[in-house]
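Participant: Here you go, sequence then predicted model.
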Amino acid sequence: MSDKYNLKKLLGAAILLGILAGGCKKIDEGFLSDGLYVPDAPLVIQRGNPFQKTSAILADGTTQPMTIKLVDVRRADTHKHADEFFKEYPVYVYTAAVNPAEDTTIEQVNKKRTLKQLKPYEFLSSGQFIFNGATDSLPLGVTYEYDIEVSNVAGSKLYKNIATMTTIDPPLITETTANCNLFPDDGSATIPMGQPTMTITRVKESGASVILKITDKNGNPFNPKKGEIIKRGDRPIFENYARFHPIEYTDTAMICNFEIAPFPLSKYSNGGTNWNYLMYYRIPSAFVSIDKTLTTKVGSVNPLFAFRLMKAGVYVVELRMPKTTRVSK
């Protein structure tokens, strides 16, 4: 009887020890989800934008804190490492805002900026990209895919092709408007001439210049160097917006180095009047013939127009005047 009792006692102790041992098994800590995602994917990179920040990666219940590292960026068309994404490019970093009303020389502008070598992005531990102006050196219209590694108390996991991102250019030209009136020399009522045709062509991505031409209906340019294009009273003209370098006048165009995009950098105000981005000019009657289908009167042609260029580059802006023929002297 005592032997059976002792056997039961020993068996009971063994079972209890097994239960205790099982109860001491280590419990896994934390959770690392397979469902992490980028909420604003596919990402769009505006080339040349000085500050563009994407959204943080959504954790899908992953235990916090978590740390995210960028592992690789590849071109989606070749699936090869995108060397251009990891290079450094020269880009101006501004330490203060440039005010064209006060900062009227390039020396004053340079006091507010530093030329640095930067990668096109900074990658945060939240999974966010901060893109900078160096993105202007990335090729246009290319889609990239990228991998990340996420770590927390539960361990680390690689997420391949977590999202894609594509380079685009923002709208290059905004604020376009144009109009034209004839002011008869005899002082009679103003005669509307119809809307001029404005053509803006970006001929180079590098540089920061505008070549402004005012032409007749046949595309013959009026000569600003010989007084065929003059300012109109106290109203703003091209040079009121080109603050950092002097205007160059040629036989066919007015040329400015605008230095900083967008151009104009800001609206123009004077004497309590906000002129927005408008420019006003006059072509004296001595240099222009008006189509007789419009009027038999002699007078000056008075165009007004506006445009805004959102990125650096070399642009040719042509304002073609309706119902006009240039008269050369």
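Facilitator: Arrived safely.
Participant: thinking His81 is in contact with Val73, fair?
Facilitator: Yes - if you go by CB atoms under 8 Å, His81 and Val73 touch, sitting 7.4 Å apart. In this view, the C-beta of every residue, glycine as well, is placed from N, C-alpha and C.
Participant: Looking only at neighbour counts, state which of those two leads.
Facilitator: Shown here are His81 and Val73; by other CB atoms under 10 Å, Val73 has more neighbours (18 against 12).
Participant: For my notes, confirm the more buried one occurs in a strand.
Facilitator: Yes - counting by DSSP: H, G, I helix; E, B strand; the rest coil, Val73 is part of a strand.
Participant: That one and Val210: what is the separation?
Facilitator: From Val73 across to Val210, the span is 35 Å (CB to CB, to the nearest Å).
Participant: Do you know the pLDDT at Asn270?
Facilitator: We note a pLDDT of 86 for Asn270 in this prediction.
Participant: Is it bridged to anything, and to what?
Facilitator: Note on Asn270: beta-bridge partners by DSSP bridges are Thr273.
Participant: Lys267: neighbouring residues, count only.
Facilitator: By other CB under 10 Å, neighbour count at Lys267 equals 16.
Participant: Parallel or antiparallel, which strands does the top strand by length along the chain pair with?
Facilitator: Across the chain, the longest stretch assigned as strand under DSSP state E is strand 155-168. Next to strand 155-168 in the sheet, as set by DSSP bridges, lie strand 43-46 (parallel), strand 143-152 (antiparallel).
Participant: which residues touch it?
Facilitator: 32, 34, 36-38, 41-47, 57, 71, 76, 129, 135, 138-151 (CB atoms under 8 Å, 6 or more residues apart in numbering).
Participant: let's go with 7 Å and repeat that
Facilitator: 32, 36, 38, 41-47, 71, 76, 135, 138-150 (CB atoms under 7 Å, 6 or more residues apart in numbering).
Participant: Would you mind listing which of those are buried?
Facilitator: Using 16 or more other CB atoms under 10 Å as the burial test, the contacts of strand 155-168 include 32, 36, 38, 43, 45-47, 76, 135, 138, 142, 144-148, 150 as buried.
Participant: rewinding a little: for Leu309, which of the strands paired with strand 155-168 is the nearest?
Facilitator: strand 43-46 (15.1 Å; CB to CB).
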